[in-house]
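[1] Could you look at this predicted model? Sequence included:
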4 protein chains.
Amino acid sequence: MDTFGRKFRVSVFGESHGPAVGAVLDGVPAGISLSEEDFMEDIDRRRSGARGTTPRREADLPEILSGVFDGHTTGAPLAIIFRNTNTRSQDYSRFMDVPRPGHADFVAMKKWSGANDPRGGGHFSGRLTLPLVAAGVVAKKIVGTAIDINARLIEIGGVTEMAAIARRYNNEGASGAFPPDGMHGLDGGGKDPVPDTVNSAVGNRGMDPSELWRPELDQAIAEGDSLGGVVECVITGLPAGLGEPFFDSVESLVAHAVFSVPGVRGIEFGHGFPAARMKGSQHNDPFILSDGKCSSNGAGGINGGITNGNPMVFRVAFKPTSSIGKPQSTLDFSTGKMTELVIPGRHDVCFAIRTPVVVEAAAAIVLADLV
Amino acid sequence: MDTFGRKFRVSVFGESHGPAVGAVLDGVPAGISLSEEDFMEDIDRRRSGARGTTPRREADLPEILSGVFDGHTTGAPLAIIFRNTNTRSQDYSRFMDVPRPGHADFVAMKKWSGANDPRGGGHFSGRLTLPLVAAGVVAKKIVGTAIDINARLIEIGGVTEMAAIARRYNNEGASGAFPPDGMHGLDGGGKDPVPDTVNSAVGNRGMDPSELWRPELDQAIAEGDSLGGVVECVITGLPAGLGEPFFDSVESLVAHAVFSVPGVRGIEFGHGFPAARMKGSQHNDPFILSDGKCSSNGAGGINGGITNGNPMVFRVAFKPTSSIGKPQSTLDFSTGKMTELVIPGRHDVCFAIRTPVVVEAAAAIVLADLV
Amino acid sequence: MDTFGRKFRVSVFGESHGPAVGAVLDGVPAGISLSEEDFMEDIDRRRSGARGTTPRREADLPEILSGVFDGHTTGAPLAIIFRNTNTRSQDYSRFMDVPRPGHADFVAMKKWSGANDPRGGGHFSGRLTLPLVAAGVVAKKIVGTAIDINARLIEIGGVTEMAAIARRYNNEGASGAFPPDGMHGLDGGGKDPVPDTVNSAVGNRGMDPSELWRPELDQAIAEGDSLGGVVECVITGLPAGLGEPFFDSVESLVAHAVFSVPGVRGIEFGHGFPAARMKGSQHNDPFILSDGKCSSNGAGGINGGITNGNPMVFRVAFKPTSSIGKPQSTLDFSTGKMTELVIPGRHDVCFAIRTPVVVEAAAAIVLADLV
Amino acid sequence: MDTFGRKFRVSVFGESHGPAVGAVLDGVPAGISLSEEDFMEDIDRRRSGARGTTPRREADLPEILSGVFDGHTTGAPLAIIFRNTNTRSQDYSRFMDVPRPGHADFVAMKKWSGANDPRGGGHFSGRLTLPLVAAGVVAKKIVGTAIDINARLIEIGGVTEMAAIARRYNNEGASGAFPPDGMHGLDGGGKDPVPDTVNSAVGNRGMDPSELWRPELDQAIAEGDSLGGVVECVITGLPAGLGEPFFDSVESLVAHAVFSVPGVRGIEFGHGFPAARMKGSQHNDPFILSDGKCSSNGAGGINGGITNGNPMVFRVAFKPTSSIGKPQSTLDFSTGKMTELVIPGRHDVCFAIRTPVVVEAAAAIVLADLV
């Protein structure tokens, strides 16, 4: 079902080329200040336009249909929609015969016996992350400013953030110490992969990913190919005790929400996959303060599925964009023969660039359900 | 909540040292042949005893309390319990003052204001995976024999299955070609990480992990330390069309269930994290047959959150066992000072060895809910 | 939460004087023919205009935002909204000080600490039954034409349908036998209160309730007072076996949905409350055919919470409209003193007249979730 | 599904003649004092033995399997079972050929294709109300002593409580004023049917129903027939603001839970069905105090689906026991011909006598989910 959450419940709907996409949020507490302007910062972070993202420009203006009165939430369900304004009638019949590799064209036809809306991916479109981001804006208001949810790209096309920053320093003769104070990340060297403090100035809000990874993006554009990336999300200010044992562990809920975002291939918490290669004496986080503060954070802020008061840290792997200009040899289902598919138009070379705010939204939705 | 699933719903309960652990399964179809003997194979796979696992021996005999009549399921809820027979009264008060690093001792106290059952981890104990495995047995019966769910260890302590097998060939002068026909895995070299066929003869059912990784396990035992591992699960025979778009994607549901298993640090599907380093032209899976069969399986059998008829492939990272004999410096919450903690008794050196059948159960529970 | 259903899930949102009311329907099967015109018949049945209903006229035109493509449902969530076009800015501040007796003004303020939308009852408005009726239209399509859901008024202001029809015959010298063939109902005499066949020609579709009960309605209008009524719903064509034992009995689900309709005071199935005064030998329904057909239907088509193949029969009691012109003595919360409240404007004298289609919708939503 | 509730979740399982019946309670707050003795008072109220109830005697001793440690709830799921000790192997094959009128024998066979447990009604047995009562005991502890939940019989076999009490006064020459101070009820005269205070001394705890309605019970026993009854539940001490608008109105939730109890034919709140015959000026409850206190309580303490701080009042109609000794003419499904069925053994002549505590449990479970 297209619904998530128990106490704060999010439902999303819409298709890429239908009249609108939207979300209904149930369980929003009454009295939260909210207007349509409040959505614009996160919507802008998700919007296309940067190098490597699609030139399709939607106004992406939210319209609140219910649940807000006099500038505040009312406690009743909050419905918000985004009209699809840029839905030129393209020829999508090609993709019904030749489902695009990596896309949901084939499974949608199988699941719904051909009754699905095939235009632009229909309900499977990445455009559905727009109402998710909107839900995230409300969720962030619910969890409050004491909890900071901060996601950024730490890798594109196999080049880590640290390597990309170092390249800029070298290339541009930037002044100041390197690496900049507080910088961190998956640096490939395996050192301190999961610090428990975050300097958001080094986050992607501070440095434009389409500049940081410009060489990789330009090359992929030139090849008609695409790139994937890794997003890291760090959440500070969490109280200890969120989450439920067993089925509703914090990791279960966050992973559930994050894997709803199109294109995710993996998620890991704390030390993540490298933890499997560590010894217990290396991976355990000794407590050092009575509020649960540990001297390391390999658990990513979670013990037994419950937050322990340390920063929650997780990383999400995004695949490269499936739509590529480069010719692909795949089956023509109408003829039963292999054919060469070239997907026309321009697409995100690396849609992962647009996803940090989406990952934040997924995390915020989970936390709004738990706090 | 300790409940998972919509149409096939699993609830687990129990504590490590309470009277019993158990599960209630709702939505079990009527007429499935089922007896207590049917549980024993998977329970034995989970049971302790192998090198590197704890010597605590429970009879682990299931008792079906309801939902079965005359050797068949009735359609009514199926309750199954396992008495805890080996619950010697150990001194756990130490862990209330000095919560064990990596364990849920601290968060349980915080969440439940000290009212939690602290004995043996209480409800957070790995013993809760026993009713999960029992639920998996029923779930496997629901999904039917056409769908094969097969998990095995592919890495312990940083040594891949392929490396461990090669070592055995070299050491023992085993005859026959190497690598054995059909072998595969995460071999560290990045070649063909996700084959779409599985030769279960090379799986851990065929070769005892405690023998394959004997050197690593023996060393960790000698050091009083512990090891982690990676489990790969391959599911064949799936129809196309399972899963729901957005929030109930197959990945979302499987990840949700898998992260309920204690000690999981990450999950990845298909190419997983390495997908983030690939180009679209490398990662896309071209269709080659009209049933959805692809020439590669980087998506792990899932497009847009829906199964595409190719084998589902995912990998799960388990941390090293948190309980270690080696002294750890951590906070004594009763004094506010650091202390040296030595956890008495013997524990699983690598509990990951016991988890493949648990991962299968988690996957089976999801599939039983979807088919 | 404003969500109902497990496999067919309905969420409603909106306020009486906000931008729109609407519903999101999840779990709609793909391939069902559906257009905006399909909603009009039931919407017209619910619409105001008859004697005894409010003169507020809304266009009540549905707009489908998602889930429909090329005249058919797609399988993706179906969102439908109704713009509120007649939301003149009335002075509602009076009702914040003097909450209207029988209305939700007081509880909304308490629940949401005054942040609720007070205009026209806000989210508690009977206008929310409009998206419910829309959901019912889709639900009826899902259950199919073999199942007929038919609700009608059987009592207004204490005068039964049979008595009202008899009065018309007497007053108007209508020709033909009386009572008309197939007529039935709660006639006050206790005879055959629950027949198992229905002649819908005698239902309210055939005879306008505002004419049948014209004397009662005219008198209430003259007094500035209001009337209640009883609706009977008969569902034929049901297969045996719908519903779940215990918590999700058919009665539980139908009652849950029906009590979501504003103004409901009671629901009874089959013989209903009179069953408590019968003996087992009178109330039991002997089986007479191998499909489960019984010689009587005191159980209203349900045994043990499961449909038995006989018609489902239930009755719903609606209270008189709470908004009356007649002065009421009630508390002024701003002064702490009793005051005389006269609610301005015109309101439904008997909103129950508009509810049969709403009751049908509630029943249809439950059945769409079960079939 | 056999699960109810969102935050406090109850699952029941078991069959009448299986090994055990039980319940799993999820969402129980930690730290509530609880032992097996705490269940006995309500279990005794439900137990058989009074005139008109079955002589089958079960020990009905609860065993807590999890969720309690050191005399307090732990916050983890609480599992409780009751062994079935009195399950003599009766001949039930007769009821597979000749399903008992009014019972679930027929629908269970249809729903589960004959795989159901037919012994003693299987999962449909009234014995399943035992774990419901146990869940109610815990639920009452969760809602706390400030909220009093009090159900009692107000009618058996068509004779109201008031009439039965008057009869005793007349017959026995009881001293003191009649009616006793504070007495109330559905007295048939339509006066003050829903007072907002309750004198529990007049409730059935104070006066044994099997004595009050002795003539009716004795006559039904003599005839081999059975009786129904009406239970009224009054809940005081409720805060204003419980419940959700629309689908999760308090009435929706209470009705959902109550209709899960076998044998319920109807439920009504406040004035109930008679409200449909009242005018708005009669039925509205004017506010008189700033805490929401009204001068009447026709709404039964609920406005717009939300508690308004006045006592919640509802009544539940129970059918007469379906199992009767009197011969019934019904279909023999094995021959396709009508046969005469005499149900052997002794059964509750009026199982409604045992239901007040079950109705309380259903209400308590709802409230524990809401508070």
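    Cool, the structure landed. Residues are numbered from 1 along each chain as shown, chains lettered A, B, ... in the order given.
[2] all contacts plus neighbour counts: C-alpha atoms, from now on.
    Will do.
[3] who touches A:Ser329 in this structure?
    For A:Ser329, the contact set (Cα atoms under 8 Å, 6 or more residues apart in numbering or on different chains) comprises A:Met338, A:Thr339, A:Glu340, A:Leu341, B:Pro286.
[4] any weak-confidence spans in the stretch 201-350 of chain A?
    The stretch 201-350 of chain A contains residues with pLDDT under 70 at A:201-206.
[5] need the contact list for the residue of the stretch 201-350 of chain A found nearest chain D.
    The stretch 201-350 of chain A approaches chain D most closely through A:Pro245 (7.9 Å), counting by Cα to the nearest Cα. By Cα under 8 Å, 6+ apart, A:Pro245 lies in contact with A:Gly304, A:Gly305, A:Ile306, B:Met1, B:Asp2, B:His123, B:Phe124, B:Ser260, D:Ala76.
[6] Give me the neighbour count for A:Cys350.
    31 (other Cα atoms under 10 Å in any protein chain shown).
[7] What values do phi and psi take at it?
    For A:Cys350, the backbone dihedrals (degrees, to the nearest 10) come out as phi -140, psi 90.
[8] Tell me the spacing between it and chain B.
    According to Cα to the nearest Cα, to the nearest Å, A:Cys350 and chain B sit 9 Å apart.
[9] got it, and A:Ile353?
    Counting by Cα to the nearest Cα, the gap from A:Ile353 to chain B is 12 Å.
[10] Next up, the contacts around that residue.
    A:Gly52, A:Thr53, A:Leu153, A:Pro209, A:Ser210, A:Gly229.
[11] Then A:Asn284?
    A:Gly298, A:Ala299, B:Pro101, B:Gly102, B:Ser322.
[12] By neighbours, which of those residues wins?
    Neighbour count (other Cα under 10 Å) singles out A:Ala299 as the most crowded of the contacts of A:Asn284, with 33 neighbours.
[13] Nearest residue to that residue in space, please, no chain neighbours.
    A:Gly270 (4.7 Å; Cα to Cα, 6 or more residues apart in numbering or on different chains).
[14] so the one you found makes contact with B:Val264?
    No: with contacts counted by Cα atoms under 8 Å, A:Gly270 stays clear of B:Val264, the gap being 10.6 Å.
[15] Against A:Asp2, how distant is the closest residue to A:Gly136 other than its chain neighbours?
    Nearest non-adjacent residue to A:Gly136, counting by Cα to Cα, 6+ apart: A:Ala361, 3.8 Å away. A:Ala361 is 16 Å from A:Asp2, where distance means Cα to Cα, to the nearest Å.
[16] name the helices or strands packed onto the helix or strand where A:Val234 lies?
    Assigned by DSSP states H and E, A:Val234 falls within strand A:229-236. Counting contacts by 3 or more Cα pairs under 8 Å, 6 or more residues apart in numbering or on different chains; DSSP states H and E, strand A:229-236 packs against strand A:148-156, strand A:312-318, helix A:356-370.
[17] Quick one: name whatever helix or strand follows it.
    helix A:250-258.
[18] That next one vs chain D: in contact?
    No: no part of helix A:250-258 sits near chain D under the criterion Cα under 8 Å from any Cα of the partner chain; the closest distance found is 16.0 Å.
[19] Now do A:Tyr92, the pLDDT please.
    Per-residue pLDDT puts A:Tyr92 at 75.
[20] Pull the contacting residues for A:Phe39.
    A:Pro62, A:Ala134, A:Val137.
[21] redo that, cut-off 7 Å
    The contact partners of A:Phe39, by Cα atoms under 7 Å, 6 or more residues apart in numbering or on different chains, come to A:Ala134, A:Val137.
[22] Look up phi and psi at it.
    According to degrees, to the nearest 10, A:Phe39 has phi -80, psi -20.
[23] Could you do A:Thr330 as well?
    With angles defined as degrees, to the nearest 10, A:Thr330 sits at phi -150, psi 170.
[24] wait, it sits on A:Val342?
    No: A:Thr330 is beyond contact range of A:Val342, at 10.3 Å (criterion: Cα atoms under 7 Å).
[25] where do the contact lists of those two overlap?
    Both A:Thr330 and A:Val342 lack any common contact, where contact means Cα under 7 Å, 6+ apart.
[26] picking up where we left off before, buried ones only from the contacts of A:Ser329, please, as a PyMOL command.
    Here is the PyMOL selection string for the buried members of the contacts of A:Ser329, based on 16 or more other Cα atoms under 10 Å in any protein chain shown:
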select buried, (chain A and resi 338+339+341) or (chain B and resi 286)
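[27] Run through the residues of chain A sitting next to chain C.
    Counting by Cα under 7 Å from any Cα of the partner chain, the residues of chain A close to chain C are A:1-2, A:13-15, A:18-20, A:26-27, A:30-31, A:65-67, A:69, A:74-77, A:79, A:112, A:115-117, A:123.
[28] re the thing from before, and the helices and strands packed on strand A:229-236 as a markdown table, adding mean neighbour count?
    Output for the helices and strands packed on strand A:229-236, formatted as a markdown table (neighbours: other Cα atoms under 10 Å in any protein chain shown):
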| stretch | mean neighbour count |
| --- | --- |
| strand A:148-156 | 25 |
| strand A:312-318 | 27 |
| helix A:356-370 | 26 |
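[29] Report the secondary structure state of A:Asp218.
    Three-state call for A:Asp218 (DSSP: H, G, I helix; E, B strand; the rest coil): helix.
[30] And the residue of the stretch 101-250 of chain A that's closest to chain C?
    In the stretch 101-250 of chain A, no residue comes nearer to chain C than A:Asn116, which is 4.4 Å away by Cα to the nearest Cα.
[31] For that residue, grab phi and psi.
    As for A:Asn116, its main-chain torsions (degrees, to the nearest 10) stand at phi -70, psi 160.
[32] Number of residues surrounding it?
    When neighbours are counted by other Cα under 10 Å, A:Asn116 comes out with 28.
[33] Quick check: it vs A:Ser93, distance?
    12 Å.
[34] Which pLDDT value belongs to A:Tyr169?
    81.
[35] In terms of helix, strand or coil, where does the closest residue to A:Trp213 other than its chain neighbours fall?
    Of all residues not flanking A:Trp213 in the chain, A:Ala164 sits nearest, at 6.3 Å (Cα to Cα, 6+ apart). State at A:Ala164, reduced to three classes by three-state DSSP: helix.
[36] Repeat that for the one 3 residues further on.
    At A:Arg167, secondary structure determined by three-state DSSP is helix.
[37] contacting residues around it?
    If you count contacts by Cα under 7 Å, 6+ apart, then A:Arg167 has nothing around it.
[38] Next one: it relative to A:Glu211, how far apart?
    With distances taken as Cα to Cα, A:Arg167 is found 11 Å from A:Glu211.
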